[in-house]
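[1] A predicted structure for the sequence below; I have some questions about it.
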Amino acid sequence: MNDDTEPPLPDRLRQLLSARRFEHITVFSGAGMSADSGIPTFRSGDNGLWHTHKPEHMATPEAWKRDKELVWAWYEYRRHFVMAAQPHPGHCAAARLQQALGAAIVTQNVDDLHERAGATDVLHLHGSLFTPLCAACHRPPAEPLPPPPLEVQQQQQQRLMPPTCQHCGGYIRPGVVWFGENLDEAIVNQAIECIRRSDLLLVVGTSGLVHPAASLVSVAKRNATIIEINPEPGGASGRMDFQWRVTAAVGVARIAQMLNRPLKKCSSNAPGS
Ligand code: OAD
């Protein structure tokens, strides 16, 4: 990215970032993190996923019981869509913050764009499109799933029979956490630990509406610096030291540049599944 075309860091933000040396940084991301890669968010913009689909029809255990072919086709379409997308400079900057300064990455996102930008050990609070599992015995499929059929990729076909488990014959389901299901306790505890010890918390692209994920921000230390990156107001609530109304691609990259210059170029990896 070219410095000349980027908005300058606001003075207050620059002050906050240069006031101290940060030992523990956490990037906490939501759907807005991947919006600049073309992945629709859930609630913002005209193409928010929950504007075109009802969560109770697509993202609950009841929906799966009622119509697993509809649910499976939708998640397979989304998996395909993510595989065709690329991480943007904000994902790359978060990965560089991790590599250079040991930042933790906690995400509500089920895509793999943080990883494909080079991040590792990303804490996926809501699971992943790339970790399907058997709905009955909870084991992963023996073989990676093939790409979905063309008709599903192009949304010409809205139903697809899920594959069955080689171990027990149960149906394979998406490896995401649905409404009404519990988050993985070990992942939540690790996320709490990361946020609790952070002296800098970057809250990127989340509406802060879905709990318990959204409430994790509140475990940050009183003296932690908390910065929100979101082009829209009304996102994550609570104690923010600065709310930068900017996109993730620009905001995370600019902050990382300031904390960690010079930023090396990002090389994105192949899709994770
Ligand atoms: P939402 O769709 O609720 O909110 C997206 C946020 O991203 C909004 O605050 C937008 O203003 C912001 N945003 C939009 N474009 C952006 C950009 N280019 N850069 C930065 N921010 C941008 O998404 P989440 O808060 O992640 O859960 O939603 C939380 C959970 O609700 C999801 O993980 C999902 C959903 O239901 C499950 O499916 C269980």
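    It's in.

[2] avg pLDDT for the helix or strand containing residue 96?
    Counting by DSSP states H and E, the element that carries residue 96 is helix 89-101. Across helix 89-101, pLDDT averages out at 97.

[3] who touches it?
    With contact meaning C-beta atoms under 8 Å, 6 or more residues apart in numbering, helix 89-101 is reached by 1, 22, 25, 27, 29, 33-34, 36-37, 103-105, 113-114, 116-120, 204, 247-253, 255-257, 259-260, 263-266, 268. Where C-beta positions appear, they are placed from N, C-alpha and C, glycine not excepted.

[4] which among those end up buried?
    22, 25, 27, 29, 33-34, 36-37, 103-105, 113-114, 116-119, 204, 247-253, 255-257, 259-260, 263, 266, 268 (16 or more other C-beta atoms under 10 Å).

[5] keep the residues you listed, but drop any that are not near the ligand.
    36, 247, 248 (C-beta under 6 Å from any ligand atom).

[6] the last one reaches residue 229, doesn't it?
    Yes - using C-beta atoms under 8 Å, residue 248 and residue 229 qualify as a contacting pair, with a distance of 5.9 Å.

[7] quick check: neighbours shared by those two?
    In contact with both residue 248 and residue 229: 204, 205, using C-beta under 8 Å, 6+ apart.

[8] looking at this, residue 56 is in a helix?
    Yes - according to DSSP: H, G, I helix; E, B strand; the rest coil, the state of residue 56 is that of a helix.

[9] for it, give me its contacts.
    62, 63, 179 are the contacts of residue 56 under C-beta under 8 Å, 6+ apart.

[10] please repeat the previous calculation with a cut-off of 7 Å.
    Contacts for residue 56 (C-beta atoms under 7 Å, 6 or more residues apart in numbering) come out as residue 63.

[11] can you check residue 200 too?
    22, 25, 224, 225.

[12] repeat the analysis, applying 8 Å as the threshold.
    Applying C-beta under 8 Å, 6+ apart, one finds that residue 200 lies in contact with 17, 22, 24, 25, 26, 224, 225, 227, 259.

[13] check residue 209 too.
    residue 43.

[14] helix, strand, or coil at it?
    coil.

[15] count of neighbours near the residue of the stretch 1-150 of the chain found nearest the ligand?
    Residue nearest to the ligand within the stretch 1-150 of the chain (C-beta to the nearest ligand atom): residue 32, separated by 2.3 Å. Neighbourhood size, residue 32 [other C-beta atoms under 10 Å]: 26.

[16] just residue 126 next, same as before
    If we define neighbours as other C-beta under 10 Å, then residue 126 has 20 of them.

[17] spatially nearest residue to it (excluding sequence neighbours)?
    Ranked by C-beta to C-beta, 6 or more residues apart in numbering and with sequence neighbours excluded, the top spatial neighbour of residue 126 is residue 177, at 4.7 Å.

[18] contact partners for the one you found?
    125, 126, 127, 183, 184 are the contacts of residue 177 under C-beta under 8 Å, 6+ apart.
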